[in-house]
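> this one's sequence-less:
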């Protein structure tokens, strides 16, 4: 697997002369993924169809795993270059975004500096997470890779990387400082009552400030380990949306509403459905093994948030596979567990008070579950799950791979896992993808 990742990174950094297309000193490369996924989950209790990871439904959907990207590099001089990567994803209605745009300076063989829009590395696959060809799955295990969406890893700032040979193996250490702003879009047409049916899905702005990132990697072509840690300050800005409307009601209830006989519920619920410059952190450990025909990968990550609408979580996976000529059958075990779940903690008095004040037909518990679980950037914030994935990768030609897999998901009792509504028992996720690099 390490060899496959190295080859994919070579495409992205234009280390392959055959792949690059020089044009007056400009080098161009790209990647493409076309994927399809569906599940067999049912929710008999509510009568609503569960949606997995915000996109995957019972009918085949293409949003989760389809994208196209192009990367352009201009060498200004021997030690300096400019790189831009443009990405369009089906999940974002194929809108083109400049995910990378940076100036790179390499004064020596040991040092590299970049400034501009770059991607931090919270995961082992962060640099290639949009390049499906770089890994064996149709998509990396969601129990780990949904915790920090890739859009939150594209930041504006500066980083420095030091690399050398240590005890006959490659060693690298990188640090980053920067910030970013992005939008959170809630999916439409979810089952809500009339007072929230439209406005709750308005765009909410999210800002990350003072982001510090540290990553180190050690190993060789056959075996390597990596460790990373990120810390930042998070602000969720929901003015004018139903999210802010709910905050307003909760803030009134926090101080009490004597005319209605509602006792104060406490300051802990002030601005409950937002975040204002709260601390957040994310750390992870991982390994890659690729020896003869045997490949294996694994990661364990932990997310800690300072807001109740995004739960603290820990996730891990272990993958093993065996090359048989052009085929790679593989199996992956994965697990995500919410560690400090503050969702659905409204007691009966708070739920009743909210319904009295607003005339809502839904409790705050129900609203919180729908709002948080269905936001693609909140990743199902109140559920834990485990899974087993059986997959097969076929390298049809150099640079083209066809992949298929079946993932058996088992949400913990009384939680939806990564579904928006808890399915009736376990469920299967069926996925196909065609990946290419050019």
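Yep, that arrived. Given the structure is predicted, the values throughout are model-derived calculations rather than measurements. Numbering: from 1, shown residues only.

> how about stretch 294-308: buried residues?
Of the residues in stretch 294-308, those scored as buried under the neighbour-count criterion (16 or more other CB atoms under 10 Å) are 295-305, 307-308. (C-beta placed from N, C-alpha, C; glycine too.)

> In JSON lines: those residues, plus secondary structure and distance to residue 74.
Conversion of the buried residues of stretch 294-308 to JSON lines gives the following (DSSP: H, G, I helix; E, B strand; the rest coil; distance: CB to CB, whole Å):
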{"residue": "295", "secondary structure": "strand", "distance to residue 74": "35"}
{"residue": "296", "secondary structure": "strand", "distance to residue 74": "38"}
{"residue": "297", "secondary structure": "strand", "distance to residue 74": "34"}
{"residue": "298", "secondary structure": "strand", "distance to residue 74": "38"}
{"residue": "299", "secondary structure": "strand", "distance to residue 74": "34"}
{"residue": "300", "secondary structure": "strand", "distance to residue 74": "39"}
{"residue": "301", "secondary structure": "strand", "distance to residue 74": "35"}
{"residue": "302", "secondary structure": "strand", "distance to residue 74": "39"}
{"residue": "303", "secondary structure": "strand", "distance to residue 74": "37"}
{"residue": "304", "secondary structure": "strand", "distance to residue 74": "40"}
{"residue": "305", "secondary structure": "coil", "distance to residue 74": "39"}
{"residue": "307", "secondary structure": "coil", "distance to residue 74": "41"}
{"residue": "308", "secondary structure": "coil", "distance to residue 74": "46"}
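
> Among those residues, which has the minimum pLDDT value?
The member of those with the lowest pLDDT is residue 308, and it reads 70.

> my read: that residue touches residue 271, true?
No - using CB atoms under 8 Å, residue 308 is not in contact with residue 271, being 10.2 Å away.

> any common contacting residues for those two?
By CB atoms under 8 Å, 6 or more residues apart in numbering, residue 308 and residue 271 have no common neighbours.

> Just the strands from the stretch 251-400 of the chain, written as ranges.
Counting by DSSP state E, counting those that start in this stretch, the stretch 251-400 of the chain forms strands over residues 275-291, 294-304, 312-322, 327-340, 385-397, 400-411, given from the N-terminal end onward.

> what does the stretch 1-150 of the chain give?
In the stretch 1-150 of the chain, the strands defined using DSSP E, counting those that start in this stretch lie at 26-39, 67-77, 80-89, 96-105, 111-119.

> between these, which one is nearest to residue 331?
With CB to CB as the criterion, residue 331 lies closest to strand 26-39 of the strands of the stretch 1-150 of the chain, at 18.6 Å.

> May I see the buried residues of that closest one?
Of the residues in strand 26-39, those with enough neighbours to count as buried (16+ other CB under 10 Å) are 27, 29, 30, 31, 32, 33, 34, 35, 36, 37, 38, 39.

> Can you check what angle separates it from strand 80-89?
Angular relation of strand 26-39 and strand 80-89 on a 0 to 180 degree scale: 30 degrees, by axes from the mean of the first three to the mean of the last three CA atoms, to 10 degrees.
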